[in-house]
Every structure is written in C-alpha cells, then in structure tokens.
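Peer 1: structure for the following, please:
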Amino acid sequence: NQSIQKSLKDSGDPADQGNPLVNGVCEGINEKGLAAHTLYLAASNYGVRDPQKPGVLISEAVRYVLDNFETVKDALAGLQAIQMVSAKAGDNEYPMHMAIEDPTGDSAIIEIVDGKMVIHHGREYTVMTNDPPHPVHLANLKRYKAFGGSIEELPGGNEPKHRFVRATEFLRTIPEPKDQTEAIAYMLSVIRNVSVPYGAVYHSLPGSPTYPTWWTSVADLTNRIFYFHMTNNLNVIRVTLKDVDFAAGKPMRVIDPDQIDLAGDVTKKFVPVPAGK
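Peer 2: Down below sits the predicted model:
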C-alpha cells in the first residue's frame with residue numbers, strides 16, 4: 001500500500017524535515033482509503049519487551065498500518081502479530097494511542113495500557129482526544145444530560161475530557177450534508193470547535209504548558225482526498241490520491257504545508273525527498 005502521511009517530528013538535519021522514513025508519522029491515508037491517526041496519551045504503558053514478536057515503534061505505527069493493510073479489520077488482525085513499543089527522541093518519550101477508519105465506516109481506537117493492547121472496535125468509536133484512556137472518557141461522557149447524566153451545559157475548557165464531550169455531542173447533532181463540500185465544511189467546523197487555541201491555558205493544571213492545535217485535517221475515505229490545514233496558514237490544502245502516481249520505484253515525495261501561498265489542490269506540488277534520504 002502507498003500513503004499520504006504527516007510527519008511526527010522533524011530531525012535535526014534540515015534535509016530530513018518531513019521525511020517519514022526518518023521521523024515517523026502521526027497520521028495519514030493510503031490509496032485504499034484506510035486512515036490512521038495518533039495523539040499523545042501519557043497513560044500509555046508499553047510493558048516489557050516480548051522478544052517473540054517483532055517490535056514497531058509507536059511513532060512508526062501509522063506507517064506500519066497504512067503500508068500493510070486495506071481495512072480496519074485487517075489492520076487489527078495484523079497488529080496482534082507485533083508489539084508496539086515506546087518511541088523516543090533523545091530523552092523524551094512520546095506515548096500515544098491510535099485511531100483507524102476505512103471507507104466502510106468501520107473504525108477503532110487502539111491504546112496500550114499496562115503493557116496490553118486495548119482495542120475499542122466499531123462504528124461508534126468516532127472521537128479520540130488525549131488523556132485519560134478511552135474508557136474513562138466514555139464514563140465521563142455519561143455525566144452530561146445529552147448522554148444520560150444530569151449536567152446541562154457542555155464543558156467549554158481546553159482539557160481533553162472537555163473536548164471529547166463537545167466533539168461527541170457536535171458529531172451527534174451535525175446536519176446531514178447535501179454534498180461532499182458541505183460534509184468537509186461540517187467536519188472542519190466540529191474540529192475547530194474542539195481545537196486548542198495558541199496561548200490557551202489548562203485551568204485545571206495551573207502552570208502546565210498547553211500545546212495548541214498545530215494543524216487540522218479531514219480524510220474523505222470514499223473519494224480518497226486528504227484535506228489539511230496548518231493553523232498558522234490561512235489556507236486549507238488538499239491531496240487527491242487518485243492523481244498520485246503510486247507505481248513501484250517512484251521516489252517518495254513531500255511538501256511543506258507551512259508555505260503561505262499554498263491553497264487548494266496541491267497534489268502536483270510535491271517534490272522528491274533529496275537523494276540518499
């Protein structure tokens with residue numbers, strides 16, 4: 001399988017920036033319409049290394065899924081044969097969980113808790129934020145009136161629990177779009193409401209750093225189109241996979257979405273990764 005992927009972290013070498021073979025990736029979509037995404041989950045615990053299974057760094061998990069599988073069902077079966085292990089950059093760990101979905105509407109959220117892979121599989125699993133683990137989010141959701149609880153108002157904070165509740169409610173009430181453009185616009189409207197603004201603070205964690213939303217994306221799995229928006233860029237860009245040449249032997253190509261003049265379909269604006277990288 002071939003895929004469009006977003007780099008997880010740039011290495012120190014400028015020539016490596018955006019190179020998923022060097023830096024790993026945190027989300028993407030392949031030519032079959034399977035998409036995968038990771039977010040930070042501090043509660044992740046990858047456990048003791050099992051030498052009986054091949055190890056895949058969590059930073060490479062998205063690439064592993066997109067390069068090897070066509071559906072959520074296939075990916076979940078394939079993940080049983082490997083062990084996802086902690087990713088490191090210098091002295092820093094990047095514990096993460098992953099969401100995957102395919103054009104049939106199937107979806108799953110995968111977390112590594114206490115050394116075990118915990119899978120939440122089904123069309124109902126459509127929202128993932130950060131900590132805590134998914135079962136705690138679901139329990140918290142039930143505190144709100146729209147989901148059987150007693151709390152009337154939706155939470156308005158930047159904390160992952162708050163954003164999870166808002167995203168779940170807005171997806172539940174979103175109108176039926178009349179066409180593809182409206183569908184993408186509606187999804188972006190939900191994502192923007194649960195994004196973290198630059199300069200925002202966690203009121204429940206005074207003094208703790210807040211990581212703003214650096215980018216947003218929408219994957220049209222049916223039409224194989226990936227929409228992407230860097231927060232510090234005024235324009236939404238898109239990549240149309242049917243117009244990408246995935247023939248064997250073609251060089252890997254990249255694009256820098258920070259370019260302020262990028263807008264619309266940028267499929268033909270990707271450039272080859274420098275030789276030797």
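
Peer 1: tell me where this protein has helices.
Peer 2: 20-23, 61-68, 72-79, 134-141, 160-173, 180-193 (DSSP state H).

Peer 1: who are the packing partners of the fifth one?
Peer 2: Spelled out, it's helix 160-173. Counting contacts by 3 or more C-beta pairs under 8 Å, 6 or more residues apart in numbering; DSSP states H and E, helix 160-173 is packed against helix 134-141, helix 180-193. In short, each C-beta sits where N, CA and C put it, glycine included.

Peer 1: how far does that helix sit from its chain's centre?
Peer 2: Offset of helix 160-173 from its chain centre (C-alpha atoms, centre = their mean, to the nearest Å): 16 Å.

Peer 1: mind listing what's buried in it?
Peer 2: Pro160, Lys161, His162, Arg163, Phe164, Val165, Arg166, Ala167, Thr168, Glu169, Phe170 (16 or more other C-beta atoms under 10 Å).

Peer 1: of these, closest to Ala36?
Peer 2: Checking the buried residues of helix 160-173 against Ala36 by C-beta to C-beta gives Ala167 as the nearest, at 18.3 Å.

Peer 1: against Val25, how distant is that closest one?
Peer 2: 23 Å (C-beta to C-beta, to the nearest Å).

Peer 1: same check on Ala75?
Peer 2: From Ala75 across to Val25, the span is 15 Å (C-beta to C-beta).

Peer 1: who's more crowded, those two?
Peer 2: A count of neighbours by other C-beta atoms under 10 Å puts Val25 above the other of Ala75 and Val25, at 26 against 22.

Peer 1: pairing partners for the more buried one in the sheet, please.
Peer 2: Ser7 (DSSP bridges).

Peer 1: hang on, Ser59 packs against Met98?
Peer 2: No: in this structure Ser59 lies outside contact range of Met98 using C-beta atoms under 8 Å: 11.0 Å.

Peer 1: returning to that earlier point: turn the buried residues of helix 160-173 into JSON lines, including distance to Lys242 and pLDDT.
Peer 2: What follows is the buried residues of helix 160-173, written out as JSON lines (distance: C-beta to C-beta, whole Å; pLDDT from 0 to 100):
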{"residue": "Pro160", "distance to Lys242": "35", "pLDDT": "94"}
{"residue": "Lys161", "distance to Lys242": "39", "pLDDT": "95"}
{"residue": "His162", "distance to Lys242": "38", "pLDDT": "96"}
{"residue": "Arg163", "distance to Lys242": "33", "pLDDT": "97"}
{"residue": "Phe164", "distance to Lys242": "34", "pLDDT": "98"}
{"residue": "Val165", "distance to Lys242": "37", "pLDDT": "98"}
{"residue": "Arg166", "distance to Lys242": "34", "pLDDT": "98"}
{"residue": "Ala167", "distance to Lys242": "29", "pLDDT": "98"}
{"residue": "Thr168", "distance to Lys242": "32", "pLDDT": "98"}
{"residue": "Glu169", "distance to Lys242": "34", "pLDDT": "97"}
{"residue": "Phe170", "distance to Lys242": "30", "pLDDT": "97"}
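
Peer 1: for those, which one is nearest Glu182?
Peer 2: Phe170 (15.2 Å).

Peer 1: show the pLDDT at the closest residue to the closest one other than its chain neighbours.
Peer 2: Among residues not flanking Phe170 along the chain, Val190 sits closest, at 4.6 Å (C-beta to C-beta, 6 or more residues apart in numbering). On the pLDDT scale, Val190 is placed at 97.

Peer 1: now swap in Arg49 and tell me
Peer 2: 88.

Peer 1: residue ranges with poor pLDDT in the stretch 151-277 of the chain?
Peer 2: 205-206, 275-277 (pLDDT under 70).

Peer 1: quick one: contacts for Glu152?
Peer 2: Lys145 (C-beta atoms under 8 Å, 6 or more residues apart in numbering).

Peer 1: I'd like the distance between it and Glu159.
Peer 2: 19 Å.
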